[in-house]
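Colleague: Curious how this folds, go ahead:
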Amino acid sequence: MSLIAPTAVVAEDEAALRGELVEQLGRLWPELSIVGEAADGLEALRLLDLHRPDILFLDIEMPGATGIDVARQVNGRAHVVFVTAYDQYAIAAFDQGAVDYLLKPLAGARLFTAISRLKSRLGQAPAQLAGVLEQIGSRPAAAPSATRAPLRWINASVGQTLRLITVDEVMFFQSDNKYTRLGLKDGEALIRKPLKELIDELDPQQFWQIHRSTLVNVNAIASVSRDYRGRMQIKLKHGTESLLVAESCAHLFRQM
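Modeller: Numbers count the residues shown, from 1 in each chain. So this is what the prediction gives:
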């Protein structure tokens, strides 16, 4: 780990806040090199493997793999600064000896304090996060907005026909150029809504992101196996199509 030119990845799904954090880091810690920015947990995991940064600024609430999922993977590999809107997470992280935490909205003075602590710890091994992750994982999730129920119906194009489809009918959503493809029991359909928006609108207990480009309905899964190349694949209850599971998402199926 280099003390001269430390590196960092910033993982935050809110673009404006991510840009603000990067800007403030550049002003308060110009020697720090931001080697990657991630808008979701899966991208954060990819950047961690690619760049092996010294520091990870990690939002706890992210689509795809959550910040908790990412932290489990990074445990002991990088110094972690949790970024959260919920102070109960922050207090738990601080008390358990994680590097530090930042509360949203960002405060320059708080970031300066976090930077000072990071600088003093760069010569040490990163903290083990098992204790804080256990505490955070045992806390109830923030209640969803009462005005925003999970998406239940979708208007989709099937050939030249516009069809009203319930999300329960959809086996999987998959990015396909400008469209998102819906895998149905009786065929497929297309919508223009991007996968990122669907991740925010669908019930996360029913639809899991198994790949950067794929969401699967857990009720449509028949089996999970690995092919001859060791890649994890999902077989669906209907149809012959198999879905590839990114290695960073394999943990979703350990209890199945």
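Colleague: mind checking pLDDT for the residue positioned nearest the centre of the chain?
Modeller: Centrality entry for the chain: nearest residue to the mean C-alpha point is Gly41, 2.1 Å, by CA atoms, centre = their mean. The per-residue pLDDT reported for Gly41 equals 87.
Colleague: Quick one: neighbours of the closest residue in space to Ile234 that isn't next to it in sequence, just the number.
Modeller: In space, Ile234 comes closest to Leu243 once its chain neighbours are excluded; the distance is 4.3 Å by CB to CB, 6 or more residues apart in numbering. Where you see a C-beta, it was placed from the backbone N, CA and C, and this is true even at glycine. As a burial measure, the neighbour count of Leu243 was computed by other CB atoms under 10 Å and equals 21.
Colleague: and after the worst-scoring helix or strand of the chain on mean pLDDT, which helix or strand comes next?
Modeller: Of all the helices and strands that make up the chain, the one with the lowest confidence by mean pLDDT, DSSP states H and E is helix 87-95; it has a mean of 64. Following helix 87-95 in sequence order, the next helix or strand is strand 100-103 (DSSP states H and E).
Colleague: Can you give me the buried ones in that next one?
Modeller: Of the residues in strand 100-103, those scored as buried under the neighbour-count criterion (16 or more other CB atoms under 10 Å) are Asp100, Tyr101, Leu102.
Colleague: Any chance of a markdown table for the residues you listed, columns distance to Gly131?
Modeller: Listed next are these as a markdown table, based on distance: CB to CB, whole Å:
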| residue | distance to Gly131 |
| --- | --- |
| Asp100 | 15 |
| Tyr101 | 14 |
| Leu102 | 20 |
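Colleague: Turn those into a markdown table, columns for pLDDT and distance to Gly159.
Modeller: Supplementary listing: those in a markdown table, determined by pLDDT from 0 to 100; distance: CB to CB, whole Å:
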| residue | pLDDT | distance to Gly159 |
| --- | --- | --- |
| Asp100 | 81 | 54 |
| Tyr101 | 85 | 51 |
| Leu102 | 88 | 49 |
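Colleague: So what sits opposite Ile234 in the bridge?
Modeller: Here Ile234 sits in beta bridges with Val224, Leu243, as judged by DSSP bridges.
Colleague: can you pull the pLDDT of it?
Modeller: On the pLDDT scale, Ile234 is placed at 94.
Colleague: what's the burial count for it?
Modeller: By other CB under 10 Å, the burial measure for Ile234, its neighbour count, is 24.
Colleague: Now do it against Gly159, distance only.
Modeller: For Ile234, the distance to Gly159 (CB to CB, to the nearest Å) stands at 27 Å.
Colleague: any idea whether Phe172 is helix, strand or coil?
Modeller: Going by DSSP: H, G, I helix; E, B strand; the rest coil, the secondary structure assigned to Phe172 is strand.
Colleague: er, Val81 I mean
Modeller: Relying on three-state DSSP, one would call Val81 strand.
Colleague: quick one on the thing from earlier: name the nearest of the buried residues of strand 100-103 relative to Pro63.
Modeller: Leu102 (19.6 Å; CB to CB).
Colleague: Would you agree the residue nearest to the centre of the chain is in contact with Gln73?
Modeller: No. Counting by CB atoms under 8 Å, no contact exists between Gly41 and Gln73, whose distance comes to 9.3 Å.
Colleague: Okay then, goodbye and thanks.
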